[in-house]
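Everything below, folded, please.
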Amino acid sequence: MLQIAFIRENQEKVIKALAKRNIDATSVVEEVVQLDEKRRATQVELDGILSESNKLSKDIGELMKGGEKAKAAILKEKTVLNKEKSKALAETADALAAELLEKLYTLPNLPADIVPVGKTPEENLNVFEEGEIPVLHEGAQPHWELVKKYDIIDFELGVKITGAGFPVYKGKGAKLQRALINYFLDKNTAAGYNEVQVPHMVNEASAYGTGQLPDKEGQMYHDKTDDLYLIPTAEVPVTNLFRDVILNENELPVLTTAYTPCFRREAGSYGAHVRGLNRLHQFDKVEIVRVEHPDKSYEALDGMVEHVKNILQELKLPYRILRLCGGDMGFTSALTYDFEVFSTAQDRWLEISSVSNFETFQANRLKLRFKDKDGKNQLAHTLNGSSLALPRVLAGILENYQTPEGIVIPEVLRPYCGFDIID
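Next comes the predicted model:
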């Protein structure tokens with residue numbers, strides 16, 4: 001959430017920055033500023049009456065001590081009127097604050113200066129590419145055919161149990177899935193990230209805290225009875241570990257990693273491009289989250305990008321890194337890099353990670369602060385990244401490592417799997 005003081009003092013800058021997202025925020029910004037002015041004016045009036053009431057109480061006490069009951073009675077009548085006024089003003093101030101908050105929730109984060117202008121994914125900027133695209137043997141197949149051939153993932157059985165988008169992993173497929181999770185976690189903890197296990201459901205405050213609500217409400221599974229949401233990413237519970245927390249500056253940075261299943265409704269996703277593992281309602285992901293000093297967050301973002309690069313280099317998968325344009329960035333992000341793996345069998349790029357800096361956007365909602373050297377509370381910066389999302393990494397391995405004899409396991413995963421080939 002953008003800070004109201006920043007909007008008030010930088011209206012044109014905010015409007016211009018959000019135009020990079022292809023949003024005309026002029027009217028919303030004007031409404032936000034007007035609501036804030038009304039709220040502040042109401043609060044000033046309320047504070048004045050409360051101050052006057054405090055003075056009247058003291059005066060009444062003095063008059064009563066001096067035996068001037070008649071004068072005290074007159075002032076008491078005034079305090080009754082002030083009480084009625086202050087109650088009405090407090091209600092008005094609360095209503096204006098609530099309306100202001102709802103307006104602020106509709107404004108996405110401001111893109112960083114280096115975010116490219118653009119409306120569609122085709123306008124994202126390719127900033128890095130590495131790895132040789134393998135030449136596959138004649139008759140090579142996409143992963144949804146390979147998993148049937150080797151009986152390692154059963155999509156139909158998942159439909160029977162739950163519905164489309166909930167696959168069942170079997171045998172070496174389940175072991176390869178577990179191997180990837182353990183490998184990712186080991187890489188993250190070796191890099192200094194503290195591993196945590198977190199709930200897979202969150203309350204409304206947590207979903208608002210990281211910006212999933214109200215922006216992604218239609219994409220989350222919601223249990224109305226208990227008012228809980230299945231998590232779309234570990235980012236939500238992990239980042240909310242720090243909600244309403246004030247850190248000391250010497251505690252920064254805080255590095256955290258977690259494995260969780262993730263749940264997304266993916267409403268409206270159809271077509272050949274979402275076949276098999278390409279898009280699921282339930283999938284596994286290992287996440288990294290950082291809480292950083294504002295002066296060091298972009299250096300940290302570069303470090304996260306290098307960390308994910310190293311994982312893909314060890315898996316020996318061809319990949320590229322895209323700097324997302326304004327029109328393709330997530331609601332909460334100031335700058336996002338997407339990683340994509342090339343699927344030779346599908347002849348297309350598959351997104352497998354997003355690494356983002358949210359600056360103070362999430363921290364403002366979360367009230368996540370640190371105490372600086374002068375003892376003042378400052379909003380921290382939050383960052384997160386997938387390291388990695390499993391379905392498309394698994395699809396890339398199955399397709400790019402296939403041979404006539406079977407699917408060869410990447411060398412770095414063999415100690416985790418306990419086998420060298422799926423045949």
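
all helices for the stretch 151-300 of the chain, in order.
Ranges of helices in the stretch 151-300 of the chain, per DSSP state H, counting those that start in this stretch, are 155-161, 171-190, 204-209, 235-239, 297-315.

Out of these, which is the most enclosed?
helix 235-239 (a mean of 26; mean count of other Cβ atoms under 10 Å). Placement of C-beta: from N, CA and C, glycine included.

what comes into contact with that helix?
196, 198-200, 202, 206-207, 209-210, 212, 231, 256, 258, 260, 287, 289, 362, 366, 382, 384 (Cβ atoms under 8 Å, 6 or more residues apart in numbering).

Derive a PyMOL selection command for the buried subset of those.
For selection in PyMOL, the members of the contacts of helix 235-239 meeting the burial criterion (16 or more other Cβ atoms under 10 Å) are listed in this command:
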select buried, resi 198+200+202+206+207+209+210+212+231+256+258+260+287+289+362+366+382+384
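
Ignoring the adjacent residues along the chain, who's closest to residue 397?
residue 410 (6.3 Å; Cβ to Cβ, 6 or more residues apart in numbering).

and that neighbour, how many neighbours does it have?
By the measure other Cβ atoms under 10 Å, the count of residues near residue 410 is 19.

same thing with residue 347?
Taking other Cβ under 10 Å as the criterion, the count of residues near residue 347 is 10.

Quick check: the nearest residue to residue 215 once chain neighbours are set aside vs residue 213, distance?
Distance criterion Cβ to Cβ, 6+ apart; nearest residue to residue 215, sequence neighbours excluded, is residue 331 at 4.3 Å. Distance check for residue 331 against residue 213: by Cβ to Cβ, to the nearest Å, it reads 11 Å.

Can you pick out the residue with more neighbours from these two?
Between residue 331 and residue 213, residue 213 has the larger neighbour count (other Cβ under 10 Å), namely 20 against 16.

Mind telling me what element the residue nearest to residue 215 is part of?
Using DSSP states H and E, residue 331 maps to neither a helix nor a strand.

Please report the distance of it from residue 198.
If you go by Cβ to Cβ, the gap between residue 331 and residue 198 works out to 22 Å.

just residue 30 next, same as before
For residue 30, the distance to residue 198 - Cβ to Cβ - is 40 Å.

Hmm, residue 208 and residue 365 touching each other?
Yes - with contact defined as Cβ atoms under 8 Å, residue 365 counts as touching residue 208 (6.3 Å).

circling back to that earlier point, got a list of what the residue nearest to residue 215 touches?
108, 109, 211, 215, 216.

rerun at 10 Å
Neighbour list for residue 331: 21, 106, 107, 108, 109, 211, 212, 214, 215, 216, 358, 361 [criterion: Cβ atoms under 10 Å, 6 or more residues apart in numbering].

What subset of these is buried?
For those, buried by 16+ other Cβ under 10 Å: 21, 107, 108, 109, 211, 212, 215, 216, 358, 361.

since we're on the residue nearest to the first one when sequence neighbours are not counted, how many residues are nearby?
With Cβ to Cβ, 6+ apart as the measure, residue 326 is the residue that lies nearest to residue 21, at 4.6 Å, once sequence neighbours are left out. Residue neighbour count, defined by other Cβ under 10 Å, stands at 22 for residue 326.

Can you pull the phi/psi pair for residue 326?
Residue 326 adopts backbone torsions of phi -60, psi -40, taken as degrees, to the nearest 10.

ok, the residue of the chain most remote from its centre - contacts?
Most distant from the centre of the chain: residue 67, at 65.1 Å, with distances by Cα atoms, centre = their mean. Neighbouring residues of residue 67 by Cβ under 10 Å, 6+ apart: there are none.

repeat for residue 74
If you count contacts by Cβ under 10 Å, 6+ apart, then residue 74 has 60, 63, 68 around it.

likewise residue 260?
196-200, 231, 233-238, 284-287.

Quick check: of those, which lies closest to residue 302?
Nearest to residue 302 out of the contacts of residue 260 is residue 287 (Cβ to Cβ; 18.3 Å).

Dump the contacts of residue 74 into TSV; add distance to residue 149, secondary structure and neighbour count as well.
Formatted as TSV, the contacts of residue 74 follow (distance: Cβ to Cβ, whole Å; DSSP: H, G, I helix; E, B strand; the rest coil; neighbours: other Cβ atoms under 10 Å):
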residue	distance to residue 149	secondary structure	neighbour count
60	89	helix	20
63	95	helix	18
68	99	coil	14
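
Flag the least confident of those.
Across the contacts of residue 74, the smallest pLDDT goes to residue 68, namely 82.

Tell me if I'm right that that one and residue 61 touch.
No - Residue 68 lies out of contact with residue 61 (Cβ atoms under 10 Å); the separation is 11.3 Å.

Could you report the separation of residue 368 from residue 214?
With Cβ to Cβ as the criterion, residue 368 and residue 214 are 20 Å apart.

Wasn't the residue farthest from the centre of the chain part of a helix?
No - read with DSSP: H, G, I helix; E, B strand; the rest coil, residue 67 is coil and lies in no helix.

Just want to check the distance between it and residue 57.
18 Å.

Please apply the same query to residue 381.
From residue 381 to residue 57 the distance is 46 Å (Cβ to Cβ).

what does residue 43 give?
21 Å.

higher neighbour count, these two?
residue 43 (16 against 13).

helix, strand or coil for the more buried one?
Going by three-state DSSP: residue 43 is helix.

check contacts around residue 276.
Contacts of residue 276 by Cβ under 10 Å, 6+ apart are 142-147, 153, 155, 167, 346, 391-392, 394-395, 398-399.
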